[in-house]
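Student: Sequence and predicted structure, then a few things I'm wondering about:
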Amino acid sequence: MTRHSPFENALSQLGKAIKHLNLTKFQVTRLSNPEKIITVNFPVKLDNGEEKIFHGFRVQFNSARGPYKGGIRYHPQVDMEEVKALAFWMAIKCAVCDIPMGGGKGGVEVNPKELSEGELERLSRNYVRAIAADIGPYVDVPAPDVNTTPKIMKWMVEEYINIKKQESRIKNNKKEIDKLKATFTGKPVDFGGSLGRTEATGRGGSYVLQALLKQLKLKGRYGKELTVAVQGFGNVGYYVAKFLHDAGMRIVALSDSKGAILVKDIKKDGFNPELVLKCKKEKGELSGCYCVGSVCDLRNGKTISNKELLELPVDVLVPAALENQITVKNAEKIKAKVILEMANGPTSPEADEILHKKGISVVPDVLANSGGVTVSYFEWKQNLEGESWSEDKVNLMLKNKMEKAFLVVWDEAKKQKIDMRTAAFIVAVRKILEKRG
Ligand code: NAD
């Protein structure tokens, strides 16, 4: 069995959609290739006084609908194929949720957990120096992704503004500087960030899932409450678990890179994600955090492997960690009725076929996790227009966008009798081509 790269998977997803569209060879080539690839090698001074070269990327995939938009990932295994795939998915995602932006993505090959705070700051600032000529509010607008945070975005914006000041491109007034803050989204709220951005990806996913459940009228396996297993307990995994818990679903399993936890009795118990997070912060990992009631009780629940979590008999499975988690190896063993893809690229195209045949509804990443980029777009707009919207306004606008995007994809899938991923790609490709044939 060959394992395909995320970019090969992305192209195969596009290929499936193209079969339903009447495109020219030129259009297909244009859609399948990044417009620009930037590779950088930049030095960072370590705490021991030595200098080390780090490798970074920025892929600008498609700008037909607006400035490139996409996160920056810090991970030891980041590579060009992955960043290309993520940038391509961003182009599709921005079109699915109907925001006027294109697709981009960046990454640095680094394990941030091995760096001190000072080293992380110098790495972030130097990466921005390396790519500064190719970003800007109307050119390319990065954001956080795996292992990058609002604090890192603040360092990056500060560095970008310093560069522009040195180049004398801006006057030193607040209005001009605030506009430049639109170069990055996912910033701290007291530094030009939008209220609601941190929670947006998880919140958006919960809106999409609830919109789907209205259509499916899904009955819980063990009674009224639907059961949910979430793989990945970072920003996205935590918030989606919290919002689904708040919406009355039972979170029965959670995991992080070190392992997974399962409630004692899947038929009646559920975790409170807020308590689990508190416990994880205290212990540094999830193992041992069985916070079922109002306190963390070490006698309840058990530790399972990440592999077991994916195969649990639950109603909803939420991959919220990394790519290629559901593949031909385990797709047959998936028992969930719905998969809400909060991570980017968690399902391989071969697994997709198997899940479709099994009648499992897969809400594709380009729809399920598009709440993050939607509120990033709101943040960008607020910075450029000098506004600060209330959290209620942001959440309401997000809800409207997510529900509308879901219905467009759902209708296309029903009309053509296809899976929701292919439907989302068809909708997105049409929108991209409307702007640039
Ligand atoms: P994060 O760094 O905050 O969290 C990632 C989590 O996944 C961590 O808890 C980590 O321990 C866990 N993890 C890593 N490997 C794992 C494994 N093999 N099994 C189980 N857990 C594992 O990152 P995030 O921002 O939450 O992003 C998660 C996913 O969501 C990524 O695919 C990212 O591209 C996607 N995404 C994020 C956003 C966003 O706004 N942050 C938006 C859209 C999509």
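Tutor: Looks like it came in fine. Residues are numbered from 1 along each chain as shown.

Student: hang on, N383 is in a helix, isn't it?
Tutor: Yes - judged by DSSP: H, G, I helix; E, B strand; the rest coil, N383 forms part of a helix.

Student: Distance-wise, check the residue nearest to it when sequence neighbours are not counted relative to the ligand.
Tutor: Setting aside the residues directly before and after it, N383 is nearest to A182 in space (CB to CB, 6 or more residues apart in numbering), at 3.7 Å. C-beta: built from backbone N, CA, C; applies to glycine. With the distance defined as CB to the nearest ligand atom, to the nearest Å, A182 ends up 17 Å from the ligand.

Student: pLDDT score for A182?
Tutor: Looking at A182, its pLDDT stands at 97.

Student: can you pull the contacts of it?
Tutor: Contacts for A182 were tallied using CB atoms under 8 Å, 6 or more residues apart in numbering; they are 137, 141, 192, 379-380, 383-384.

Student: Now list the buried members of these.
Tutor: Neighbour counting over those (16 or more other CB atoms under 10 Å) leaves 137, 141, 192, 379-380, 383 as the buried ones.

Student: Make JSON lines out of the residues you listed and add secondary structure, pLDDT and distance to A241.
Tutor: Shown next, in JSON lines, are the buried ones among the contacts of A182 (DSSP: H, G, I helix; E, B strand; the rest coil; pLDDT from 0 to 100; distance: CB to CB, whole Å):
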{"residue": "P137", "secondary structure": "coil", "pLDDT": "97", "distance to A241": "34"}
{"residue": "V141", "secondary structure": "strand", "pLDDT": "98", "distance to A241": "28"}
{"residue": "G192", "secondary structure": "coil", "pLDDT": "96", "distance to A241": "28"}
{"residue": "E379", "secondary structure": "helix", "pLDDT": "98", "distance to A241": "24"}
{"residue": "W380", "secondary structure": "helix", "pLDDT": "98", "distance to A241": "28"}
{"residue": "N383", "secondary structure": "helix", "pLDDT": "96", "distance to A241": "30"}
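
Student: Next, the residue nearest to N383: phi, psi?
Tutor: Backbone torsions of A182, given as degrees, to the nearest 10, read phi -70, psi 0.

Student: List the contacts of whichever residue of the stretch 201-350 of the chain sits closest to the ligand.
Tutor: Distances between the stretch 201-350 of the chain and the ligand by CB to the nearest ligand atom are smallest at G234, namely 1.7 Å. Applying CB under 8 Å, 6+ apart to G234 gives the contacts 146, 256, 320-321.

Student: Do a quick rundown of the strands in the stretch 201-350 of the chain.
Tutor: Using DSSP state E, counting those that start in this stretch, the strands of the stretch 201-350 of the chain run over 227-231, 250-256, 259-262, 302-304, 316-319, 338-340.

Student: Do stretch 107-121 and the ligand come into contact?
Tutor: No - counting by CB under 6 Å from any ligand atom, the ligand has no neighbours in stretch 107-121; the shortest distance is 9.4 Å.
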